[in-house]
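S.K.: Pasting the sequence and the predicted model now:
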Amino acid sequence: MTEIFGIPVQALFGQLLIGLINGAFYAMLSLGLAVIFGLLNIINFTHGAQYMMGAFCAWFLLERWGVGYWWSLLLAPLLVGVTGVVIERTMLSRLYKLDHLYGLLLTFGLALIVQGVFTNYYGSSGQPYRLPEEFVGSFNLGFMFLPKYRAWVIVASLIVCLGTWFVIERTKLGAYLRAATENPTLVQAFGINVPRMITLTYGFGVGLAALAGVMAAPIYQVSPQMGANLIIVVFAVVVIGGMGSILGAILTGFGLGIVEGLTKVFYPEASNTVIFVIMVLVLLVKPAGLFGKEH
Amino acid sequence: MATAPAAQPGSARAPRRSTILVATAVMAVALAVAPFLNVYPVFLMKALCFALFACAFNLLIGFGGLLSFGHAMFLGTAGYVCAHAAKEWGWPPEAAILAGTVAATLLGVITGALAIRRQGIYFAMITLALAQMIFFFYLQTPFTHGEDGIQSVPRGKMFGFVDLSNTLVMYYVVLAIFLAAFLLIYRIVHSPFGQVLKAIRENEPRAISLGYDAERYKLLAFILSAGLSGLAGATKAIVFQLASLTDAHWTMSGEVVLMTLLGGMGTIFGPVVGAFAIVGLESYLASFGQWVTVITGGIFVVCVLAFRRGIVGEIGAWWASRKE
């Protein structure tokens, strides 16, 4: 059997793969947080709950109405995104003139409500989500087996992340968005409906979290608590990357996933905490984050 | 420019010193006679521990403008150290409580120095992440006994002669600790240090331009808050003879935010009122299981949307407007 640093190659690549998958979710979630923060100046604490809602939505669609995975990929983000729009219109929009911390407190309360309601109906145990037919099986790469679905998650999340980057950095719509981030009053003066843009941005960010949730459903168990601990790790990812750059959020997400996977191989005791330790180191060396701008 | 959460437009001016002293005396007497008015002492002790925790938290958010989302790490750390010292090393309760408080203070020095490198929302996220790191540490390290926690911690005899196994005696010790810490916090807030802290909260660049080292003031406020939270956690461990992961979990950090928010951020009595309200609510709703989480979340939402001054803040504002 082949070994690298005394670790069997299969175990190494297996953990690397898990790391990449986790990284894909970190990237998608921190991307959504960064997009929302950019325009709304709010850290969306409900993000983890909305990721969980996406997964539950897919599970529900399949179990109750037999709606399959592909439709869920479209429907779940839309449905959860609509709840996001409602939240923004009815609650968040009242807080923009106040300290940003109130947005954090409000979304924290909303997260508790959502998680409490789901836990009440589904307990804390997970519901399995059936893997779609076309993803059963795996590719033989010679040195390891790559399950088809995991390969799909990595590819799909890359497409989603890069697509978001493209829309924000390279299209006219994205230009409006970036302009509104810099100076909303001026952009509004040019005849662009900034409040609507803010609403849709929040809806989009929430939809992104739900999409990540749908993609996570066949891998992790669909449980009410699935987003709660994840969101705290994603916060650390955001602190490490800094929220100034879209590509930065994507790179940090994937990179930290891989680091976490490697830690599982070489020093498993620290795998839960390695991202927080990195956060501490980054704070010591570059407080604004790896891709953040000092102001 | 971000304004501090406590600085609401039109908020009541600080009440007069005599008003606060009278109110403190009323509170002390009410709490002293409460066990004789059929109020369950264990409930009172729990509420007092949380009231102290919330007051310590309020020192940071209400007067320093810093929202920590990781204060459970101080409560949890002090609880574990205190319980370990009392149970495994056989320390007397006063020494064990002191050990827990010192441990939380030291943790506050380290985490505070890291967290104050960023402000506002980042500060909240960093403290939350640091607390989660500490939580995982306690989950894995053997001395905390994982999910079981450190159980049947001896209450022992304080100073060798005060027998804490008597619930009423324990209650008055907790009350004494709470009142001492409460007065200390009042003193800190009204000291020159507290005034500078408020100045930094209101306008940090200006405070710096006046020659104050804002970072040092914020760090000191953080350490004081951590240490007093530790005092609450250590006392709680002796009272309930238990140190568990619950106290170090992020939900606990959220809970103390809620108590302070509900009672009134930046008011002296707000955290006490908020703690009693939430602890009371939780014991009243204990049989409703997960709905408690939903209700807690609902209170958060209502407070943020419509009730940002909190109970005591609203009363103060009403009082001030009535006088005019």
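M.R.: Perfect, thanks for sending it.

S.K.: so does stretch A:168-183 get close to chain B?
M.R.: No - on the criterion CB under 8 Å from any CB of the partner chain, stretch A:168-183 is out of touch with chain B, staying 15.3 Å away. C-beta coordinates here come from the backbone N, C-alpha and C atoms, glycine included.

S.K.: mind listing what's buried in that stretch?
M.R.: A:168, A:174, A:176-177, A:180-181 (16 or more other CB atoms under 10 Å in any protein chain shown).

S.K.: Farthest pair within these?
M.R.: For these, the maximum inter-member distance is 11.5 Å, found between A:Ile168 and A:Ala180 (CB to CB).

S.K.: which parts of the stretch 51-200 of chain B sit against chain A?
M.R.: So far as CB under 8 Å from any CB goes, the stretch 51-200 of chain B lies against chain A at B:67, B:69, B:114, B:117-118, B:120-122, B:124-126, B:128-130, B:132-133, B:136-137, B:139-140.

S.K.: redo that, cut-off 6 Å
M.R.: Counting by CB under 6 Å from any CB of the partner chain, the stretch 51-200 of chain B comes close to chain A at B:67, B:114, B:117-118, B:120-121, B:124-126, B:128-129, B:132-133, B:136.

S.K.: Dump those to JSON lines, plus neighbour count.
M.R.: Output for these, formatted as JSON lines (neighbours: other CB atoms under 10 Å in any protein chain shown):
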{"residue": "B:Leu67", "neighbour count": "25"}
{"residue": "B:Leu114", "neighbour count": "17"}
{"residue": "B:Arg117", "neighbour count": "16"}
{"residue": "B:Arg118", "neighbour count": "20"}
{"residue": "B:Gly120", "neighbour count": "18"}
{"residue": "B:Ile121", "neighbour count": "24"}
{"residue": "B:Ala124", "neighbour count": "28"}
{"residue": "B:Met125", "neighbour count": "25"}
{"residue": "B:Ile126", "neighbour count": "27"}
{"residue": "B:Leu128", "neighbour count": "29"}
{"residue": "B:Ala129", "neighbour count": "30"}
{"residue": "B:Gln132", "neighbour count": "27"}
{"residue": "B:Met133", "neighbour count": "22"}
{"residue": "B:Phe136", "neighbour count": "18"}
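
S.K.: Quick check: the farthest pair among those?
M.R.: Greatest spacing in these, by CB to CB: B:Gly120 and B:Phe136 (25.6 Å).

S.K.: Taking the stretch 151-295 of chain A, what residue is nearest to chain B?
M.R.: A:Phe276 (3.6 Å; CB to the nearest CB).

S.K.: my read: B:Val272 touches B:Phe50, true?
M.R.: No - judged on CB atoms under 6 Å, B:Val272 makes no contact with B:Phe50 at a distance of 9.3 Å.

S.K.: What are the boundaries of the strands in the chain?
M.R.: Let's take chain A. A:3-4, A:7-8, A:138-140, A:145-147 (DSSP state E).

S.K.: not what I meant, chain B
M.R.: Counting by DSSP E, chain B has strands at residues B:157-158, B:162-163.

S.K.: between the ones you listed, which one is nearest to A:Gln188?
M.R.: Here strand B:157-158 is closest among the strands of chain B (CB to CB), at 64.6 Å.

S.K.: Can you give me the distance of the residue of the stretch 201-324 of chain B found nearest chain A to B:Gly254?
M.R.: Going by CB to the nearest CB, chain A is nearest to B:Phe300 of the stretch 201-324 of chain B, at 2.6 Å. B:Phe300 is 8 Å from B:Gly254, where distance means CB to CB, to the nearest Å.

S.K.: do the same with B:Ile177
M.R.: 24 Å.

S.K.: more crowded one of the two?
M.R.: In terms of neighbours (other CB atoms under 10 Å in any protein chain shown), B:Gly254 is the more surrounded of B:Ile177 and B:Gly254; the figures are 24 against 19.

S.K.: Could you point out which residue ranges in chain A have low pLDDT?
M.R.: A:1-5, A:293-295 (pLDDT under 70).

S.K.: What parts of it come near chain B?
M.R.: Near chain B, when you scan chain A using CB under 6 Å from any CB, you find A:43, A:99-102, A:104-106, A:109, A:112-113, A:116-117, A:119-120, A:232, A:235-236, A:239, A:272-273, A:276, A:279-280, A:283, A:287.

S.K.: among those, which are in helices?
M.R.: A:100-102, A:104-106, A:109, A:112-113, A:116-117, A:119-120, A:232, A:235-236, A:239, A:276, A:279-280, A:283 (DSSP state H).

S.K.: so how far is the first residue of stretch B:158-173 from its last?
M.R.: One end of stretch B:158-173 to the other measures 9 Å (CA to CA, to the nearest Å).

S.K.: Show me which residues of that stretch are buried.
M.R.: Applying a neighbour-count criterion of 16+ other CB under 10 Å, one finds B:158, B:162, B:164, B:170-171, B:173 buried in stretch B:158-173.
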